[in-house]
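**Student:** Got a sequence here, can you model it:
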Amino acid sequence: MTALPIDLDPTRIDVRAATSADGAVITVSGEIDSTTAPGLRTCLLEVLERPGTVTVEVDLTGVSFLDSAGLSALATAHRAAQAGGRTLQMRVGGTRAVVRPLEITGLRDVFTVVG
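**Tutor:** Next comes the predicted model:
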């Protein structure tokens with residue numbers, strides 16, 4: 001498994017992708033907003049396009065803020081995963097900053113949410 005840091009504004013968000021033979025875990029911490037969401041979207045789409053990737057887990061337990069731009073980035077990745085026959089799952093834990101926006105928008109029922 002390799003872990004690669006993704007080049008985003010390190011003062012606002014930290015994104016790390018760890019890959020294995022059949023999937024990846026993308027760990028996100030910090031704020032996902034209109035400034036950082038485009039970079040996160042790019043990262044998610046790049047990982048989903050890698051040959052041999054079957055499952056991608058996005059660990060959002062370290063996220064302290066999630067706005068509509070972040071939700072849009074996650075929704076775009078979800079649609080790309082479905083179109084490519086891949087599985088995208090979100091690990092949210094009990095993080096209110098993530099759980100609440102997903103619940104309010106109904107995306108918690110659309111996404112595959114684990115833990």
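
**Student:** What residues sit buried inside stretch 60-78?
**Tutor:** By neighbour count on 16 or more other CB atoms under 10 Å, the buried set for stretch 60-78 is Leu60, Val63, Leu66, Asp67, Ala69, Gly70, Leu71, Ala73, Leu74, Ala75, Ala77, His78. No exception for glycine: its C-beta is placed from N, CA and C like everyone else's.

**Student:** any idea how far it is from the chain center?
**Tutor:** Averaging C-alpha positions (CA atoms, centre = their mean, to the nearest Å) puts stretch 60-78 6 Å from its chain's average.

**Student:** what about the closest residue in space to Ala37 that isn't next to it in sequence, which helix or strand?
**Tutor:** Among residues not flanking Ala37 along the chain, Ala69 sits closest, at 3.9 Å (CB to CB, 6 or more residues apart in numbering). In the assignment (DSSP states H and E), Ala69 maps to helix 68-83.

**Student:** which residue sits closest to Thr36 in space, ignoring its chain neighbours?
**Tutor:** In space, not counting the residues next to it along the chain, Thr36 is nearest to Ile13; the distance is 4.2 Å by CB to CB, 6+ apart.

**Student:** Settle this for me: that neighbour is touching Ser34, isn't it.
**Tutor:** No: shown here, Ile13 and Ser34 do not form a contact pair, counting by CB atoms under 8 Å, at 11.9 Å.

**Student:** Cheers, nothing more for now.
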